[in-house]
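Peer 1: Coordinates only, no sequence provided:
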């Protein structure tokens, strides 16, 4: 599956590319339905999807809105380019959200800092990104310069699928154009007043590269609620998770309790107060969303068994 177009999905196979109905009769939860990047079995007679094949990876999030549905983002991704720009829209907390998502799925994250040509201090943005996790892969590029973007080619080879995640206006579509050697995807400038981007990509779509790889462009996501992501949180914030093991009390709130391993580690300079607060917020959010989803699943199970 390579794109979604007005209720139809675009698929590519030995017969070329065509549009089919994504509905699968009898399919259950949302994750039983096709999403971008999926390998599908399609009935040659009816041209209907009969089954979604097993996935190597699946990105998903809690969809915006009160119904707490799960929204699938992409499947079978090998690498995720977490794209951020070297301007006032740069956000360490937003990068951490994407890192948690990638680590939880088990996909290699690469932070790609764009718009390096519009700042006098790109190294400051790079240092901030690298501080989020040891050995984090970070590349700083001018997204319009093919020679600059060539440093990303190692992840885009034959048989590789790369998803680009990031908020609007950070340069995802520009990167796709440059990596493809094409200007077919529309791009827009950021707003000068606040450095905030405008939506360009409105659907998730895969683009084939000359070298045999695939690029998956996604619409900008400013709301990325974490659900069922405890493993990713533990990996991205492994320094804080390790410190909690040294707390005297199992129910330590990591504030002013005696024998708090987190406060002791912070006093030694192992992580900052800001990082601790981001961990608190993400942990509380993930726990709340996961509990809500569990209750919803339980309710659905009771109704189906009635």
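Peer 2: That came through, no problem. No experiment lies behind these values; they were computed from the predicted model shown.
Peer 1: What does the pLDDT read for residue 288?
Peer 2: Looking at residue 288, its pLDDT is 87.
Peer 1: Check whether it sits in a helix, strand or coil.
Peer 2: The three-state assignment at residue 288 reads helix, by DSSP: H, G, I helix; E, B strand; the rest coil.
Peer 1: those strands in the stretch 101-250 of the chain, which residues are they?
Peer 2: Secondary structure of the stretch 101-250 of the chain (DSSP state E, counting those that start in this stretch): strands located at 108-114, 137-140, 161-165, 205-208, 214-217.
Peer 1: Throw the ones you listed into CSV and include distance to residue 3 and mean neighbour count, thanks.
Peer 2: Placement of C-beta: from N, CA and C, glycine included. Output for the strands of the stretch 101-250 of the chain, formatted as CSV (distance: least, C-beta to C-beta, whole Å; neighbours: other C-beta atoms under 10 Å):
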stretch, distance to residue 3, mean neighbour count
strand 108-114, 22, 23
strand 137-140, 27, 18
strand 161-165, 14, 25
strand 205-208, 4, 17
strand 214-217, 10, 23
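Peer 1: Make a markdown table out of those strands and add mean pLDDT and distance to residue 53.
Peer 2: As requested, those are exported to a markdown table (pLDDT from 0 to 100; distance: least, C-beta to C-beta, whole Å):
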| stretch | mean pLDDT | distance to residue 53 |
| --- | --- | --- |
| strand 108-114 | 95 | 22 |
| strand 137-140 | 96 | 29 |
| strand 161-165 | 93 | 14 |
| strand 205-208 | 88 | 16 |
| strand 214-217 | 90 | 16 |
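Peer 1: And stretch 5-21, end to end?
Peer 2: In stretch 5-21, first residue to last residue: 10 Å (C-alpha to C-alpha, to the nearest Å).
Peer 1: For that stretch, the averaged confidence score.
Peer 2: 81.
Peer 1: What are the buried residues along that stretch?
Peer 2: By 16 or more other C-beta atoms under 10 Å, the buried positions in stretch 5-21 come out as 9, 10, 11, 20.
Peer 1: tally of neighbours for the residue lying closest to the first one once chain neighbours are set aside?
Peer 2: Nearest non-adjacent residue to residue 9, counting by C-beta to C-beta, 6 or more residues apart in numbering: residue 22, 4.5 Å away. One way to gauge burial is a neighbour count; for residue 22, by other C-beta atoms under 10 Å, it gives 20.
Peer 1: Tell me how far the residue of the chain most remote from its centre lies from residue 247.
Peer 2: Largest separation from the mean C-alpha position in the chain: residue 258, at 38.0 Å (C-alpha atoms, centre = their mean). From residue 258 over to residue 247 the distance is 10 Å, taken as C-beta to C-beta, to the nearest Å.
Peer 1: Then residue 170?
Peer 2: Taking C-beta to C-beta, one finds residue 170 at 38 Å from residue 247.
Peer 1: In terms of packing, which of these two has more residues around it?
Peer 2: Using other C-beta under 10 Å as the criterion, residue 170 and residue 247 rank with residue 170 on top: 30 against 19.
Peer 1: Was I right to think that one contacts residue 84?
Peer 2: Yes - using C-beta atoms under 8 Å, residue 170 is in contact with residue 84, at 5.7 Å.
Peer 1: between these two, what contacts are shared?
Peer 2: residue 114 (C-beta atoms under 8 Å, 6 or more residues apart in numbering).
Peer 1: For the residue nearest to residue 225 when sequence neighbours are not counted, name its beta-bridge partners.
Peer 2: Closest residue in space to residue 225, ignoring its immediate chain neighbours: residue 62 at 4.1 Å, by C-beta to C-beta, 6+ apart. Note on residue 62: beta-bridge partners by DSSP bridges are residue 70, residue 225.
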